[in-house]
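Asker: Please work out how this folds:
(one chain, ligands or ions: 1)
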Amino acid sequence: MSAIRPTLEEIQNFEGKYPKQLWYLFFVEMWERFCFYGMRGVLTIFMADQLLGLALSDKDANLKYGAIQAFVYAFTFIGGIFADKILGFKKSLFFGGLIMILGNLIIAFSPQALFYVGITLTIIGTGFFKPNISSMVGELYKEGDPRRDAGFGLFYSGINAGAFLGGIVCVYLGKSEDFGWSYAFLAAAAVMVIGLITFVYTKNALGPIGDSPLLENEPSKRKTKEIAVYVGALLSIPLVFLMIKNTDYTDYFMYSIGPLALLYFLYETFKENSEAARKKLIAALVFILFSVVFWAFFEQSGGSLSLFAKYNLSDKLLFFNIDPNMVNNSSNSLFVIIFSPIIGLLWLGLAKRKIEPNTVIKFGIGFLFLAAAFYVFYSTRFFAGPDGKTSLNVFTVSYLIITLAELCLSPIGLSIMTKLSPKRLSGMMMGMWFLASAYGQYVAGLLGAGMSSPDENASAADKLIAFTDGYYQLAIYALIAGIVLVALSPLVRKLMQEVK
Ligand code: GLN
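Answerer: Below is the predicted model of the structure:
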């Protein structure tokens, strides 16, 4: 346990490229994402395999998967607000982590009977954990410190290292004859324990970052409020449980949480006294709205691209054979792990020469890469044989490009949320950033469904045409989104004021 508790200035006045606390948060988040993506990786296979008795067809399993994903990211908004108002980031993260552990243990203990209870806990736990750790990363930096985006880039590598390992280990355990599903969920719980222990041992080094916002309150009063949040979260379990069990409720929830969040955002924004702060919040909203479009395209990876990989890709990558779905599932994480720190260093280098692009331009570049990536997905049709199977190499290049797009937008988005939010709203804003992912996920499902060929029994060649036509359109829309963003950039920059 690091004994000395540094002050905020001591933390923010770090030398070198990264503050040491970033590494602590890196590992905590890495284990959390291992747990999360491990669980997510086995979810659909598990549901189709184990819950068959409960009449879950492939299609239902997919629907449920989408619903669970949307819920997980929607709850970050709620988790962010409670951290701002009552718990502070540190307690929120710890509580969320505990609930996630419990959720996975419950499924490990009784995969069939208690599955939805466990998933409900994972959703609530992630809501308290995920946005708040990112907000703490932002607080390691002084306002205007040019090293912040690079810091988020490194942090993003941690996210993906966890995602990559979790996906492999949990799926392996779940499918293996010797182990089975219980072990997969047990492993997810175990790594989350490692994450929380890491956090407990290093949180002192965060000094005042993430402390309770109610430190001025009387301790007993503060305790009562904290306990009320914990109890409230636990009381919401049956409600969330009902909503994920019934996909209709999921739709209602998705229709209402976004507008409600937007209203609440407007309420908080207009409560803000300074006009400068209000403008920054509106700028943050613009980034959030664009990110919905981005994720809707990007998240084709879990839907239409995985079907495309299954039906239309050869299994030859360079000089060896590999399951194309494996490439679809893991190449993005691998590319992020490699390129995220490199791009971070590129931003640092450009900042030194005073030519680092600002956030609007980075987002714009992100959309251009996104358009290019989908154009390459489209162009796979020119490499196809008569059997409708096309080049895995070209597909992988496309994944590299889509990863570059993600790196211009996702870590930068986390970073800009922390730059544009006033301290009292930073959890909520980070939550909104992830809520946008929930909607992206949701729209991705709709887009993917529209893209797959209407006839299930169509030939591979017909499917290839249907999918790649869809990707062509996505390329065009991504290009348009990029152009709109560039056109809006003078306005957004005005709203951002001195923030880059
Ligand atoms: N892959 C990133 C993560 O897990 C981004 C998720 C998102 O915002 N949709 O944190």
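
Asker: Determine the set of other helices and strands touching the helix or strand hosting residue 220.
Answerer: Under the criterion DSSP states H and E, the helix or strand holding residue 220 is helix 219-235. For helix 219-235, the packing partners by 3 or more C-beta pairs under 8 Å, 6 or more residues apart in numbering; DSSP states H and E come out as helix 88-109. Where you see a C-beta, it was placed from the backbone N, CA and C, and this is true even at glycine.

Asker: does the residue of the chain at minimum distance from the ligand count as helix, strand or coil?
Answerer: Closest contact between the chain and the ligand, by C-beta to the nearest ligand atom, is at residue 437 (3.4 Å). Following DSSP: H, G, I helix; E, B strand; the rest coil, we place residue 437 in the helix state.

Asker: residues of the helix holding residue 220 that come out buried?
Answerer: Neighbour-count burial for helix 219-235, counted by 16 or more other C-beta atoms under 10 Å, picks out 222, 226, 229-230, 233.

Asker: Give me the mean pLDDT for it.
Answerer: Helix 219-235 carries an average pLDDT of 95.

Asker: Leaving aside the residues adjacent along the chain, what's closest to residue 451?
Answerer: residue 470 (3.4 Å; C-beta to C-beta, 6 or more residues apart in numbering).

Asker: Look up which helix or strand that neighbour falls in, please.
Answerer: Secondary structure (DSSP H and E) places residue 470 in helix 460-496.

Asker: all helices of the stretch 351-500 of the chain, in order?
Answerer: 359-379, 392-420, 426-451, 460-496 (DSSP state H, counting those that start in this stretch).

Asker: Residue 137: which of those helices is closest?
Answerer: helix 392-420 (7.3 Å; C-beta to C-beta).

Asker: can the closest one be found next to the ligand?
Answerer: Yes: applying C-beta under 6 Å from any ligand atom, one finds helix 392-420 in contact with the ligand at residue 410.

Asker: Repeat that for stretch 299-311.
Answerer: No: applying C-beta under 6 Å from any ligand atom, one finds stretch 299-311 separated from the ligand by no less than 7.5 Å.

Asker: Any buried residues in that stretch, and which?
Answerer: For stretch 299-311, by 16+ other C-beta under 10 Å, it's 299-309, 311.

Asker: what separates the lowest-mean-pLDDT helix or strand in the chain from the chain centre, distance-wise?
Answerer: Lowest by mean pLDDT, DSSP states H and E among the helices and strands of the chain is helix 58-82, with a mean of 83. In terms of C-alpha atoms, centre = their mean, to the nearest Å, the centre of helix 58-82 is set 11 Å apart from its chain centre.

Asker: could you give the angle of it to helix 426-451?
Answerer: Computed by axes from the mean of the first three to the mean of the last three C-alpha atoms, to 10 degrees, the angle separating helix 58-82 from helix 426-451 equals 160 degrees.

Asker: From the contact counts, what lies against helix 58-82?
Answerer: helix 20-50, helix 88-109, helix 115-139, helix 237-245, helix 247-271, helix 426-451.

Asker: For the longest one, name the packing helices and strands.
Answerer: On a contact count with 3+ C-beta pairs under 8 Å, 6+ apart, helix 20-50 meets helix 58-82, helix 88-109, helix 115-139, helix 148-175, helix 181-202.

Asker: Adding mean neighbour count and distance to residue 215, write those out as CSV.
Answerer: Output for the helices and strands packed on helix 20-50, formatted as CSV (neighbours: other C-beta atoms under 10 Å; distance: least, C-beta to C-beta, whole Å):
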stretch, mean neighbour count, distance to residue 215
helix 58-82, 23, 16
helix 88-109, 24, 8
helix 115-139, 26, 15
helix 148-175, 23, 25
helix 181-202, 21, 20
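
Asker: and of the ones you listed, who's closest to residue 341?
Answerer: Here helix 148-175 is closest among these (C-beta to C-beta), at 5.5 Å.

Asker: Looking at the closest one now, give me its mean pLDDT.
Answerer: 92.

Asker: now swap in stretch 296-309 and tell me
Answerer: 85.

Asker: And that stretch, end to end?
Answerer: 19 Å (C-alpha to C-alpha, to the nearest Å).

Asker: and this protein, which of its residues are near the ligand?
Answerer: So far as C-beta under 6 Å from any ligand atom goes, the chain lies against the ligand at 33, 159, 295, 410, 434, 437.

Asker: Setting aside sequence neighbours, what's the nearest residue to residue 467?
Answerer: residue 308 (4.7 Å).

Asker: Report the contact partners of that neighbour.
Answerer: Residues near residue 308 by C-beta atoms under 8 Å, 6 or more residues apart in numbering: 377, 463, 467.

Asker: 10 Å instead, please
Answerer: 300, 324-325, 328, 377, 380, 390, 395, 448, 451-452, 463-464, 466-468, 470-471 (C-beta atoms under 10 Å, 6 or more residues apart in numbering).

Asker: ok, now how distant is it from residue 378?
Answerer: Plainly put, residue 308 is 11 Å away from residue 378 if you go by C-beta to C-beta, to the nearest Å.

Asker: tell me, what's touching the two both at once?
Answerer: Joint contacts of residue 308 and residue 378 (C-beta under 10 Å, 6+ apart) are 467-468, 470-471.

Asker: how about JSON lines for these, with neighbour count and pLDDT added?
Answerer: Formatted as JSON lines, the shared contacts of residue 308 and residue 378 follow (neighbours: other C-beta atoms under 10 Å; pLDDT from 0 to 100):
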{"residue": "467", "neighbour count": "25", "pLDDT": "90"}
{"residue": "468", "neighbour count": "22", "pLDDT": "93"}
{"residue": "470", "neighbour count": "22", "pLDDT": "92"}
{"residue": "471", "neighbour count": "25", "pLDDT": "94"}
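
Asker: Would you check how far apart the spatially closest residue to residue 433 that is not a sequence neighbour and residue 35 are?
Answerer: Excluding its sequence neighbours, the residue lying closest to residue 433 (C-beta to C-beta, 6+ apart) is residue 417, at 5.0 Å. Going from residue 417 to residue 35 by C-beta to C-beta gives 23 Å.

Asker: now do residue 70
Answerer: Taking C-beta to C-beta, one finds residue 70 at 19 Å from residue 35.

Asker: And residue 240, by the same measure?
Answerer: For residue 240, the distance to residue 35 - C-beta to C-beta - is 18 Å.

Asker: Could you check which of the two is surrounded by more residues?
Answerer: Taking other C-beta atoms under 10 Å, residue 240 and residue 35 do not tie; residue 35 has more neighbours (32 against 22).

Asker: residue contacts, the more buried one?
Answerer: Counting by C-beta under 10 Å, 6+ apart, residue 35 has contacts 97, 100-101, 103-104, 122, 125-126, 129, 162, 166, 170, 185, 187-195.

Asker: redo that, cut-off 7 Å
Answerer: 100, 104, 166, 188, 191-192 (C-beta atoms under 7 Å, 6 or more residues apart in numbering).

Asker: quick check, nearest of those residues to residue 273?
Answerer: residue 100 (37.2 Å).

Asker: Now that closest one: closest residue in space, sequence neighbours ignored.
Answerer: That would be residue 125: by C-beta to C-beta, 6+ apart, it lies 3.5 Å from residue 100.
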